[in-house]
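# The following comprises the amino acid sequence and a computationally predicted model.
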Amino acid sequence: MKHRITIDPITRLEGHGKIEIFLDKEGAVENVYFQVPELRGFEKFCEGRAVEELSQIVTKICGVCPGCHHMASGKATDAVFGVTPPPTALKLRELFYMSHFVHSHIAHFYALAAPDFVVGPDAPPGERNILGVIGKVGLEIGGEVIKQRKIAQEIQALLGGHQTHVVMNIPGGVRKGLTIDQRDDIAKKAEGFIEFAKFSLKIFDDVVLANEKYVDIILNGPYSLDLYSMGLVDENNHVNFYDGKVRVVDQEGQEHCKYSPDEYIEFVSERVEPWSYLKFPYLKKIGWKGFVDGKDSGVYHATPLSRLNAADGMATPLAQEQYERMYKVLGGKPVHNTLAMHWARLVELLYSAERCLELATDPQITGKELRAKIDKNNITGEGVGTVEAQRGTLTHHYWTDEKGIVKKANIIVGTTNNNAAICMSLKKAAEGLIEKGKEPDHAILNMIEMAFRAYDPCFSCATHRLPGDMPMIVNIRNYNKDIIHTVKRD
Amino acid sequence: MDKENKEKLKLAVYWGAACGGCCVSVLDVHEKLLDIVAAADLVFWPIALDVKYADVQKMPEGHIDVCLFNGAIRNSENELMAVMLRQKSKIMVAYGACAQMGGIPGLGNFHDRKSIFDRVYKDSESTENAEGITPQPKYDVKEGRLDIPAFYNDVKTLRDVVCVDYFIPGCPPQSERLLEVFMAISSGAELPSKESVLGALDKSQCDECKRKKTDNKKVDRFYRPWEIEDDGETCFLEQGVVCMGPATRGGCGVRCIEGNAPCRGCYGPPPDVTDPGAKMMSAIATMIDSNDEEEITEIMASIDDIAGTFYRFSLPSSILRRKLMPEVVEVD
Amino acid sequence: MANFEPKIVAFLCNWCSYTGADLAGTSRMKYAHNIRIIRVMCSGRVDPTFVLKSLREGADGVLICGCHPGDCHYHEGNYKCLRRYEFIKQYLTEMGIDKKRIRLDWISASEGKQFAELADAMTEQVAELGPCRVRSIMENVT
């Protein structure tokens, strides 16, 4: 009799998804399918719109990382018009963007990641949430998380008008500048971000790295995949979120390719499966060999960890120290342990904070030249904009007519890069954790979820209170879809 | 979850074809979230809680006091959950522009399922799909049958599939407005009549907008936002830039205009207006400074993408609802 | 299309075009019966909503008539209508609806014959286009 475990919907992340775990007759995991049941069709309905409007339409792809789509779109739009924004505009954009990263990485770590580590992956379900984290590290932290996130959001609103669906970009630059007072205020806040980032890393040190059991889970748990790593790097091969070239390194850390964003079609292809609405990107030159890892498989990941793997270092000093330390502790570069993504995310948080301060103390940031002039006759009609979203390399590609009205759009989204990797991580976790013939209990189910959560598929919740338990019902159905057993966690 | 605590409102937040921005807007009440959590138990919220569909199915009728349903109805799962949550909820709120009017996903109504699938899965330049595979609602793999929701040909609003008690507009709703509405509900204040719009002002954006306005709104041509040097102070329409302010309800704090971008209508129609796009066409037509047919046509040509601009958020709820495709596509 | 009788809604302004149509009637002029007349005080009253709603409710075509330019009883109303009409045509085209389904024309109070000819011409034009699918599509949202 075949068994099947369905988890629907997957929860505590942005978007819709479900997991189907198939067990064979002996009750061992036969296969795992991660299905994305949603599609809205942005790549189609952007056609016919004025290209500059896209920057405000594509933010609605995701309400958690709208700034990422806004930036990629703005860059693509600049390229369509054949212009480069003046330095002040670029710095304002990057300042917004670093703030966006600060808010997102803080929220993810504290509400999604920390419970599994700070409290423990097999701790009682009632404690495996932000309350449990606060119980371990102190009440101030919860309030501080909300506060820092709020401050980052406020900076976004100041620079971008609309706090969530930002309207900052206009072809050739940005719509609004900064006054000196505003700049100084942001600089002070950025100092607060740096302190908080350092503090978060310290929590990771004290609670995770000091605990042998957790280190064992990170290093030896069923979460490793030997994948190619992708990330944007600047001219020094340092991690950069806003601009640079796309670099991919192999399982040993050797550079597989490094390309300018507008060459992406030669390097990345997308595959379609009939059981999911989300496509599966892979490295074109290596090819699709199935849901397998290793050097001969084109599956790659684009995550905080892959970004650090693909780069030679961080562009800011404190983050560079932490970068070196992380690789030292984890035994060298590159690192393939999926759960190390959480650590990498904190290193990025520190970098974002430091970069915020750098930009907020740059005298050019209060410049008055906010836009490059657009000459309608110079329109190129095509543009690619690539940035690093919090959860992966994001590419927007537009084609327009001579008036700048969109004819076609192609978009590869951050999390999409990781679609195949997520499927494989889930399968590996399920295989490693579900014992043959034994019904998985609450701890097992949670540890399977951890495989997914590491990729930060978008959302996090700096809420004051999650329900103590993580209620879950797992129905085990026989081949006729009758429920033969239910595992409950209330 | 305090199952025994009868004084707390049971609150559910769910998403159809959504982006997550409305869920973010709930969190963006920041520390006031404490006030919400003090007054309400969150009983279903996939982005934040691990409550599954099976748990919702088991809830008795009317178990949920208030359900904030955001996102449009794009596929069969969205509709199924809308119907299920309607049954389990005393008050069903269409939260955000997508649930109220279709929102940005509503732009899909310029196309149909086939043309969307063709672009996304076959014609996309980075996609390798020689076999022409497209997602199937039911598909057999060697281990068993997999299913995913059926993608509808048309985007619908929440009201198209269930009775809606209230609308809270915005993309997303401004968090301060949500807080006001929530406090009103939880304090037991008398709520307005059914199908009212909550959490928004009674006048249009222009009333809140701080830009300088005069009586002279005649223009001899229209400009795309990057064609002008916006002075940051003058009404966009008077500068010749299309701004949906006159046909859009106030309440968002004019956040886009504060960012120096013209309004695009996410807060929905002002009171007593069903089709804001048509009203905007009427208003803009009044601005054209010409009585000569040829000249008028020329001025009109300076506006691109009328349907996509004036119906940016409201296409599925508009009078025409969708673009007519050359052929009618059969649903599987 | 044989045997197809289009339904055409006509918004006629009180002072000129409605009176002109009335003259056609009292003069016993024959013209296509497909026209359903709605009297408005001025063509400037015609909101794009009226046109869209007509199509949504099942009209195959919409005719708008006003006073000749310069003769509007309210001075500028017909010019406002003209501007809105241009918008509606462009919008309908973007929505996949043939803009020949709507028409704006000027009919004075004494132009009964012209109204009859216009009614026939409009009916023929819309008949050639076939039934407007707006209503049936809207009722069968898939």
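Structure received.
# How much space separates the most centrally placed residue in chain B from residue B:248?
Centroid-nearest residue in chain B, with CA atoms, centre = their mean: residue B:97, separated by 1.9 Å. Plainly put, residue B:97 is 11 Å away from residue B:248 if you go by CB to CB, to the nearest Å. Every C-beta, even on glycine, is put in place using the N, C-alpha and C of the backbone.
# Now do the shared contacts for those two.
Taking CB atoms under 8 Å, 6 or more residues apart in numbering or on different chains as the criterion, residue B:97 and residue B:248 both touch B:266, B:267, B:268.
# Could you find the closest non-adjacent residue to the spatially most central residue of chain C?
In chain C, the centroid-proximal residue (CA atoms, centre = their mean) is residue C:63; its distance is 0.6 Å. Nearest residue to residue C:63 in three dimensions, chain neighbours excluded: residue C:10, at 4.1 Å (CB to CB, 6 or more residues apart in numbering or on different chains).
# Mind giving me the packing neighbours of the host helix or strand of that neighbour?
Secondary structure from DSSP states H and E places residue C:10 in strand C:8-13. Secondary-structure packing of strand C:8-13 (3 or more CB pairs under 8 Å, 6 or more residues apart in numbering or on different chains; DSSP states H and E): helix C:17-26, strand C:35-40, strand C:61-66, helix C:112-129.
# how does it look with 7 Å?
If you count contacts as 3 or more CB pairs under 7 Å, 6 or more residues apart in numbering or on different chains; DSSP states H and E, strand C:8-13 packs onto strand C:35-40, strand C:61-66, helix C:112-129.
# I'd like to check the angle between the helix or strand following the second one and strand C:35-40, please.
From strand C:61-66 onward toward the C-terminus, using DSSP H and E, the following helix or strand is helix C:77-94. Going by axes from the mean of the first three to the mean of the last three CA atoms, to 10 degrees, helix C:77-94 is angled at 130 degrees with respect to strand C:35-40.
# Between the two ends of stretch B:147-165, what distance do you get?
End-to-end distance for stretch B:147-165: 32 Å, by CA to CA, to the nearest Å.
# hang on, the earlier thing: what is the rounded mean pLDDT of the strand holding residue C:10?
Averaging pLDDT along strand C:8-13 yields 98.
# Residue A:270 should be in a strand, yeah?
Yes. Per DSSP: H, G, I helix; E, B strand; the rest coil, residue A:270 lies within a strand segment.
# show me what contacts it?
A:279, A:280, A:281, A:412, B:124, B:126, B:127, B:128 (CB atoms under 7 Å, 6 or more residues apart in numbering or on different chains).
# quick one: contacts for the residue nearest to the last one when sequence neighbours are not counted?
When you say that, I think you mean residue B:128. Distances taken as CB to CB, 6+ apart place residue A:269 nearest to residue B:128, at 4.4 Å, with adjacent residues excluded. Counting by CB under 7 Å, 6+ apart, residue A:269 touches A:281, A:282, A:284, B:126, B:128.
# just to revisit the earlier point, show me what the strand holding residue C:10 pairs with in its sheet, parallel or antiparallel.
Looking at strand C:8-13 with DSSP bridges, its partner strands are strand C:35-40 (parallel), strand C:61-66 (parallel).
# Give me the phi and psi for the residue in the stretch 251-400 of chain A that chain C sits nearest to.
Here the stretch 251-400 of chain A gets closest to chain C at one residue, residue A:400, 17.2 Å apart by CB to the nearest CB. Phi and psi for residue A:400, reported as degrees, to the nearest 10, are phi -130, psi 170.
# Tell me what it is bridged to.
The partner list for residue A:400 in beta bridges (DSSP bridges) reads residue A:406.
# rewinding a little: who wins on neighbours among the contacts of residue A:270?
residue A:281 (31 neighbours; other CB atoms under 10 Å in any protein chain shown).
# Is it bridged to anything, and to what?
residue A:270.
# My read is that it contacts residue A:414, right?
No. Between residue A:281 and residue A:414 there is no contact under CB atoms under 7 Å: 10.7 Å.
# Common neighbours of the two, please.
By the contact definition CB under 7 Å, 6+ apart, residue A:281 and residue A:414 are jointly contacted by no residue.
# before we move on, which element is the closest residue in space to residue B:19 that isn't next to it in sequence in?
Counting by CB to CB, 6+ apart, residue B:19 lies nearest to residue A:63, which is 4.1 Å off, once chain neighbours are set aside. For residue A:63, there is no helix or strand it lies in under DSSP H and E.
# shouldn't residue A:63 be in contact with residue B:27?
No. Using CB under 7 Å, residue A:63 is not in contact with residue B:27, being 10.5 Å away.
# returning to that earlier point: a markdown table please, covering the strands paired with strand C:8-13 and showing distance to residue C:27.
Below are the strands paired with strand C:8-13 laid out as a markdown table (distance: least, CB to CB, whole Å):
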| stretch | distance to residue C:27 |
| --- | --- |
| strand C:35-40 | 16 |
| strand C:61-66 | 17 |
